[in-house]
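Asker: structure of the sequence below:
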Amino acid sequence: MTHSDPGAGEKIDKQKVEEFLQTESGGRAATGTAAIILFVVPLLWSLFQLWIASPLPYIFEFGVFNSSESRSIHLAFASFLAFAAFPMIRGRNINHVPVYDWLLALAAAFTTSYLYVFYDQLATRPGSPNTQDLIVALSGLVLLLEATRRALGLPLTIVAGVFIIYSLAGPYMPDVISHKGASLNKLASHQWLGTEGVFGVALGVSTSFVFLFVLFGALLERAGAGNYFIKVAYAMLGHMRGGPAKAAVVASGLSGVISGSSIANVVTTGTFTIPLMKRVGFPATKAGAVEVAASTNGQLTPPIMGAAAFLMVEYVGIPYLDVIKHAILPAMISYVALIYIVHLEACKMNMKGIERLEKPTIAQRMLVWVMVILGLSILTLAVYYGVGWTKNLFGDAAMWVLGPLLIAIYIGLVGYASRFPDLEEESADSIMDELPPVGATVKTGLYFLLPVVVLVWCLTVERFSPQLSAFWATVFMVFIIVTQRPLKAFFKNRGNYLSGFREGGIDLTYSLVTGARNMVGIGVATATAGIVVGTVTLTGIGLVMTQFVEFISGGNLLLMLAFTALISLILGMGLPTTANYIVVSTLMAPVIVSLGAQNGLLVPLIAVHLFVFYFGILADDTPPVGLAAYAAAAISGADPIRTGVQGFTYDIRTAILPFMFIFNTQLLLIGLTGWFDLLITVFSAVTAMLVFSAATQGFWFTKTRWWETVGLLLIAFTLFRPGFWWDEVYPPTQERPGSELLQHVEDVPAGQPVILQATGMSLSGDDVSKYMKLPLPAGDTPEQRLASAGLEVSPAGDGMSVDFVNFGSDAEKAGLSFGWTIDEVQIPTQRPPKELMFIPALLLLALLAFLQLRRRAGEGERPPFVPAR
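Answerer: Down below sits the predicted model:
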């Protein structure tokens, strides 16, 4: 039961919260004609995005746009709204739009739509822009930087400005980062009139994928799914120690899955969760920090990952489902550990949970959890295997058979939900004295899972692109938002169905507008981040960064990774999720790949991209900039720096994960041999993260002593990376001369790689030595197998000389070139499984648990914490 008690509610700095909300959803609350324009333009933008994502343009052969035209129109909408919706000076002209802002908005829309309007003329003069082209391009760059400043603040604007200056002032830079420089004409043409800079891959992903998923999230929120997620989390977890904080983690995680921003997550869910955490005894700093940690982790969680999942598809060159597969385990163990950290904090203060309205028995509690787990499992299996079976039976007609069935299930679930009271919207001043029943709460919104079913169906069974899958999921969400009210009225015999349809239509319209306004920041951010990408291709700064990091780290792998992590944190400060991923992956991912290969660490590209992505996201709660920490502090009333520091201490567990999966790619589900291997990996990873959390919190069953903390850290490291110790006893490989390459190739199974150490001249003219993996197809002789991989070699002393490399072959992709020498071949050794190291680690863990439990028994039970009313 909830009731409003303003006197008991904590004071929230509503002005600061409003500022963060403005940044996330469109700043001005305009009136009059301006309000109409700021309503109609976002509505048109959403309709345009739905049109280009649908199959309708190809069916009617009308309104077909190529990728460049779509990106141009997409950015035109975003830049127009950036000037119209965000004031030049924050806090000024909130209720109206000055004439100069309308003029700037129209100018920005013209410069960004220039590629669409003059597409045919520009195609006739590639690389040879005329005076008009250059004026538009330079004006567009300036206006884009100002749009970014208005919508997102100074950090990304400064980063992009620095890179533009670097492009022009290359000859005047210090020798270590100097280059020949680019003229103003070349800069404008490269960044604006092609697809290397602003209108590149990043903006293309925003146009194709990101908008639809942000719109999907806005529709879910308007339909009531956000409130449903929060209520379910509180109903299921609120009775535990520190229950509201645990529920905040789950609710923020569920919201973060569909949200494109950790800051937006904080200011939406945090206004409710942070005051509740404070009421059960969490200090203001820790309450805000828990929300910050949960919200930033939501950006790491598939399937959206703050829209970075779709960028990874383009940058890494692997299917979307593979990105989800690799990212799921680190995200899962990170969230489990955060809930555990909250539990440990509650144990330190001996908190109790919130009382339920109903008093379930232990058997009933277990039954609820079993039913939820079974329900989700059955749902997933039914979608994948059940629909897959019907796909085999009905072929292309499966959609027409299963579509009506899906609608029937939806109607049935809405009818079932109508038997229970609707969930009330909670406010920040509400006090939750008692928890609602789990069963009734869960059953009120089961139909919200169906759009997710559609998404899974389209991605895994129909094998549609992410764009088309998101389109069909969004279409079904539109159907839900329009029909749920009249259906509930029908099942409750309330009549007045037209009113329900009218309210559903209003909800749909406002969702389309909200989705588009939420995209303004992401749209200009991806375009501005494209300036960084364009600078890399224009100046070759990527090679400079590699040399710089190698010089700083002295060739030490751990120092190199730590320095890369630090740069990713710095670059990510103040940038939205999509922009910071684009910037840090463009600059730093090649550094890890290149230096790792030179030092014998062959890291899959997806692991490298996840590494820089994790640290870019962690910048959201890293002082002194950490915007998510500032948003949480505005709600909790705590100091933002202390909130950020506390949030980062909670996120240390997330910060160590990238280092672990760089050295142990099994954490990304790479290189697993079967289900048993998968289970061992999941068990060891989850256990390691929980142990690490206990070590960093200084509390397990009771307060840990220093030597227990050291023991827990040692156990966690062993469970995360058993190969570190095992390699000291049993070396994983044996180095053999390159002259033995053909003998080794003969023994390598088809489809498996051979690891080579080769030397040669790089594109910059420097001598390079690096390790590489070369996949080997089947063949009758070693020479045939190498030829199938695109490589021809001949003996050269103790090595093999590279005589020929096929263009586009696996050998070229591995990094081999004509004239290089293969010096060594790595041959795997036969050794016992490294997982045997888990046995002594778990025995030590059991000993520490025994000692702690005995000490806790001797300390006696402390009185429970009673929060102030």
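Asker: neighbours of the closest residue to residue 278 other than its chain neighbours, how many?
Answerer: Leaving aside its sequence neighbours, residue 278 sits nearest to residue 287 (C-beta to C-beta, 6 or more residues apart in numbering; 4.9 Å). Bear in mind the C-beta positions are built from the backbone N, C-alpha and C, glycine included. Neighbourhood size, residue 287 [other C-beta atoms under 10 Å]: 31.
Asker: isn't residue 287 right next to residue 279, touching?
Answerer: No. Residue 287 is not in contact with residue 279 according to C-beta atoms under 8 Å; the separation is 9.3 Å.
Asker: could you pick out the longest helix of the protein?
Answerer: In the chain, assigned by DSSP state H, the helix with the most residues is helix 497-539.
Asker: quick one: contacts for residue 742?
Answerer: Counting by C-beta atoms under 8 Å, 6 or more residues apart in numbering, residue 742 makes contact with 782, 783, 786.
Asker: same check on residue 43?
Answerer: 509, 512, 513, 516.
Asker: closest to residue 664 among these?
Answerer: residue 516 (42.3 Å; C-beta to C-beta).
Asker: reformat the contacts of residue 742 as a markdown table; add pLDDT and distance to residue 735.
Answerer: Listed next are the contacts of residue 742 as a markdown table, based on pLDDT from 0 to 100; distance: C-beta to C-beta, whole Å:
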| residue | pLDDT | distance to residue 735 |
| --- | --- | --- |
| 782 | 84 | 19 |
| 783 | 85 | 23 |
| 786 | 87 | 20 |
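Asker: buried members of those into ChimeraX, please.
Answerer: Command for ChimeraX, covering only those of the contacts of residue 742 found buried under the criterion 16 or more other C-beta atoms under 10 Å:
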select :782,786
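Asker: which among the contacts of residue 742 gets closest to residue 440?
Answerer: residue 786 (66.2 Å).
Asker: okay, and that closest one sits in which element?
Answerer: Per DSSP states H and E: residue 786 is located in helix 782-788.
Asker: quick check on the contacts of residue 43: which are buried?
Answerer: Burial by neighbour count, 16+ other C-beta under 10 Å: within the contacts of residue 43 this picks out 512, 513, 516.
Asker: for those, give me CSV that also has distance to residue 800 and pLDDT.
Answerer: As requested, the buried ones among the contacts of residue 43 are exported to CSV (distance: C-beta to C-beta, whole Å; pLDDT from 0 to 100):
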residue, distance to residue 800, pLDDT
512, 62, 94
513, 64, 92
516, 58, 91
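Asker: for those, which one is nearest residue 125?
Answerer: residue 516 (33.8 Å).
Asker: pretty sure that closest one contacts residue 38?
Answerer: No. In this structure residue 516 lies outside contact range of residue 38 using C-beta under 8 Å: 10.2 Å.
Asker: between these two, what contacts are shared?
Answerer: residue 81.
Asker: where does the stretch 351-500 of the chain dip in pLDDT?
Answerer: 352-399, 425-434, 495 (pLDDT under 70).
Asker: export stretch 747-762 as PDB, just CAs?
Answerer: The C-alpha coordinates for stretch 747-762 follow below in PDB (Å, rounded to 0.1, in the frame of the first residue of the first chain):
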ATOM      1  CA  ASP A 747      48.500 -31.700 -38.000                       C
ATOM      2  CA  VAL A 748      46.100 -28.800 -37.500                       C
ATOM      3  CA  PRO A 749      42.300 -29.800 -37.800                       C
ATOM      4  CA  ALA A 750      40.300 -28.100 -40.600                       C
ATOM      5  CA  GLY A 751      38.800 -24.800 -39.500                       C
ATOM      6  CA  GLN A 752      41.300 -24.400 -36.600                       C
ATOM      7  CA  PRO A 753      43.900 -21.500 -36.800                       C
ATOM      8  CA  VAL A 754      47.700 -21.700 -36.800                       C
ATOM      9  CA  ILE A 755      49.400 -19.000 -34.700                       C
ATOM     10  CA  LEU A 756      52.400 -17.400 -36.400                       C
ATOM     11  CA  GLN A 757      55.000 -14.900 -35.300                       C
ATOM     12  CA  ALA A 758      56.100 -12.800 -38.400                       C
ATOM     13  CA  THR A 759      58.200  -9.800 -39.100                       C
ATOM     14  CA  GLY A 760      58.100  -7.300 -41.900                       C
ATOM     15  CA  MET A 761      57.700  -3.700 -42.900                       C
ATOM     16  CA  SER A 762      54.500  -1.800 -41.900                       C
END
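Asker: in it, what counts as buried?
Answerer: Neighbour-count burial for stretch 747-762, with 16+ other C-beta under 10 Å as criterion, is recorded at 748, 754, 755, 756, 757, 758, 760.
Asker: who's in contact with the residue nearest to the last one when sequence neighbours are not counted?
Answerer: Excluding its sequence neighbours, the residue lying closest to residue 760 (C-beta to C-beta, 6+ apart) is residue 820, at 3.2 Å. If you count contacts by C-beta under 8 Å, 6+ apart, residue 820 has them with 758, 759, 760, 761, 801, 802.
Asker: go through those and name the one nearest residue 524.
Answerer: Nearest to residue 524 among those, with distances taken as C-beta to C-beta, is residue 761, at 41.8 Å.
Asker: what is the neighbour count of the closest residue to that closest one other than its chain neighbours?
Answerer: Distances taken as C-beta to C-beta, 6+ apart place residue 767 nearest to residue 761, at 6.1 Å, with adjacent residues excluded. For residue 767, the neighbour count with other C-beta under 10 Å is 8.
Asker: low-confidence ranges in the stretch 101-250 of the chain?
Answerer: Scanning the stretch 101-250 of the chain residue by residue, none of them satisfies pLDDT under 70.
Asker: tell me the contacts of the spatially most central residue of the chain?
Answerer: The C-alpha lying nearest the average C-alpha coordinate of the chain belongs to residue 305 (C-alpha atoms, centre = their mean; 2.1 Å). Residue 305 sits next to 299, 312, 323, 327, 577, 613 when contact means C-beta under 8 Å, 6+ apart.
Asker: apply 6 Å and report the result again.
Answerer: By C-beta atoms under 6 Å, 6 or more residues apart in numbering, no residues touch residue 305.
Asker: same thing with residue 658?
Answerer: By C-beta under 6 Å, 6+ apart, the neighbours of residue 658 are 611, 614.
Asker: what about it, which SS state?
Answerer: helix (DSSP: H, G, I helix; E, B strand; the rest coil).
Asker: how far away is it from residue 155?
Answerer: Applying C-beta to C-beta, to the nearest Å, the value for residue 658 to residue 155 is 22 Å.
Asker: in which helix or strand would I find residue 146?
Answerer: Taking DSSP H and E as the criterion, the element that holds residue 146 is helix 131-152.
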